[in-house]
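> what would the 3D arrangement of this be:
(one chain, ligands or ions: 1)
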Amino acid sequence: MNRHLTVAAAQMGPIARNETREQVVERLLALLADAHSRGAELVVFPELALTTFFPRWYIEDEAEMLSWFEHEMPSPATKPLFEEAARLGVGFCLGYAELHTDEDGTTHRYNTQMLVERDGSVVGKFRKVHIPGHEEHEPWREFQHAERHYFEPGPHGFEVWRAFGSVVGMAICNDRRWPETYRVMGLQGAELILIGYNTPLHYAPDPQQNALAGFHNHLVLQSGAYQNGCYVVGVAKGGEEEGVDSLAQSVIVAPSGQIVAQCITNGDEVAVARLDLDYCDFYKNTLFDFHRYRLPEHYGLISSQRGAVEPPDAQEETE
Ligand code: CDT
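Here you go, the predicted structure:
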């Protein structure tokens, strides 16, 4: 008998700057209840799902900056979500800003997603690898995208876990644009990749891309799923948040690359799909049979080199 899993993309509309964690958790609980009533066993929430997308402001004051971060998970404010999910027997994936303290007392700020099983146990954490935007204040922009001021890249790369009767991996927002993200998890057998995002519709460095934001979002989620024979769940925090409009269009994508469920609003909304996990094998065992067809000896540059290095120009070559 095939393995099935019913998954919900729990999209969120805007979170106001002054909305408390408790108020946000009430919204998460409503999404959880909706998803559960539609049979969901796993609910995927967006990136930084507990707060407004604060990297749009460049904040230098340490205390104010740290107020956007979770110092523990679950915290008193988020505990009701963990308790209710376990009571319903529903797992979830939650994005938040994590303040992590090493054993030697060093602190780290990560953009994190936590995966929680249906019994309430923590499966694992993913810390965003590709941190987009800028490190310093850039006053020429209409709004900031200072993620590189707030977060360091996650040190563990792209892990996968055996959970939900499947092999599950995670990525966060900008990670979804990089093919390496999916391939590294595909090479560990990922069948299901969970991705939260906040994507402002205005891209200051090249505004001609603005109109293509929705196209690019689906392009990368669909190709990542298809090229690795896995399901991909992409979940937005969309709509106009503190004057900045962000992309919604959350989707669940099949290994065929087809969208099997999609949100149609810019607000809090659940899209549900029943996934046949064994359907991945149609792609993993045929066109994308990695073991049979990949030639890693030709892919060395991908892991040995960061930026593009062009060949010398013709004139230099003849000298
Ligand atoms: N949150 C996040 O990573 N957003 C980026 C915005 C573009 S880079 C400024 C994204 O890739 O969607």
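
> tell me which parts of this structure are close to the ligand?
E47, P132, G133, H145, C173, N174, R177, Y197, N198, T199 (C-beta under 6 Å from any ligand atom). For glycine as for every other residue, the C-beta is placed from the backbone atoms N, C-alpha and C.

> apply 5 Å and report the result again.
P132, G133, H145, C173, N174, N198, T199 (C-beta under 5 Å from any ligand atom).

> touching, the last one and A213? I think so.
This points to T199. Yes. Contact criterion C-beta atoms under 8 Å: T199 and A213 qualify, at 6.1 Å.

> what is in contact with the two at once?
Counting by C-beta atoms under 8 Å, 6 or more residues apart in numbering, the common neighbours of T199 and A213 are L247.

> out of the two, which sits in the busier spot?
Neighbour count, other C-beta atoms under 10 Å: between T199 and A213, T199 has more, with 24 against 17.

> pLDDT at the more buried one, what is it?
At T199, the model reports a pLDDT of 99.

> for the nearest residue to it once chain neighbours are set aside, what are its contacts?
Computed as C-beta to C-beta, 6 or more residues apart in numbering, the closest residue to T199 that is not its neighbour in sequence is L247, at 4.2 Å. With contact taken as C-beta under 8 Å, 6+ apart, L247 is in contact with Y197, T199, P200, L201, A213, G214, N217, A236, G238.

> ok, S67 to the ligand distance?
Distance, S67 to the ligand, using C-beta to the nearest ligand atom, to the nearest Å: 19 Å.

> residue ranges of the strands in the stretch 201-319 of the chain, please?
231-236, 239-241, 244-246, 251-253, 259-262, 269-276 (DSSP state E, counting those that start in this stretch).

> ok, back up a step: and the residues of the chain next to the ligand, which is closest to E316?
Ranked by distance to E316 (C-beta to C-beta), the residues of the chain next to the ligand are led by P132 at 34.2 Å.

> buried ones in stretch 64-76?
The neighbour-count criterion (16 or more other C-beta atoms under 10 Å) identifies M65, W68, F69, E70, M73, P74 as the buried residues of stretch 64-76.

> just send these back as TSV, with pLDDT too.
Listed next are those as TSV, based on pLDDT from 0 to 100:
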residue	pLDDT
M65	97
W68	98
F69	98
E70	98
M73	98
P74	98
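
> closest to the ligand among those residues?
W68 (13.8 Å; C-beta to the nearest ligand atom).

> surely that closest one and F53 touch.
No. W68 is not in contact with F53 according to C-beta under 8 Å; the separation is 9.8 Å.

> name the nearest residue to V90, ignoring sequence neighbours.
H36 (5.3 Å).

> in what helix or strand does that neighbour lie?
helix 21-37 (DSSP states H and E).

> may I see the buried residues of the following helix or strand past that helix?
Per DSSP H and E, the first helix or strand lying C-terminal to helix 21-37 is strand 42-44. Within strand 42-44, the residues scored as buried using 16+ other C-beta under 10 Å are L42, V43, V44.

> make TSV from these and add distance to F126 and pLDDT to it.
Supplementary listing: these in TSV, determined by distance: C-beta to C-beta, whole Å; pLDDT from 0 to 100:
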residue	distance to F126	pLDDT
L42	15	99
V43	16	99
V44	12	99
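
> ok, of the residues you listed, which one's closest to the ligand?
Closest to the ligand, out of all of the buried residues of strand 42-44 and judged by C-beta to the nearest ligand atom, is V44, at 15.6 Å.

> how about that closest one, what does it touch?
Counted by C-beta under 8 Å, 6+ apart, V44 has contacts V7, A8, A9, A10, F92, C93, L194, G196, V233, V235.

> residue boundaries of the helices in the chain?
21-37, 62-66, 79-88, 147-150, 179-186, 213-228, 280-284, 290-293, 300-304, 314-318 (DSSP state H).

> pick the most deeply packed of those.
helix 179-186 (a mean of 21; mean count of other C-beta atoms under 10 Å).

> list the contacts for the nearest residue to A40 once chain neighbours are set aside?
Leaving aside its chain neighbours, A40 sits nearest to A8 (3.8 Å; criterion: C-beta to C-beta, 6+ apart). Taking C-beta under 8 Å, 6+ apart, we find A8 in contact with L31, D34, A35, R38, A40, L42, V43, V44, V270, A271, V272.

> what sits up against stretch 252-267?
7, 9, 11-13, 218, 221-226, 228-234, 236, 238-240, 248-251, 269-273, 275, 279-280, 282-284.

> what of stretch 67-87?
For stretch 67-87, contacts defined as C-beta under 8 Å, 6+ apart pick out 20-22, 25, 28-29, 32, 43, 50-51, 54, 91-92, 94, 96-99, 109, 114, 116, 118-120, 150.

> quick check: N210 touching Y203?
Yes. Counting by C-beta under 8 Å, N210 touches Y203, with 5.9 Å between them.
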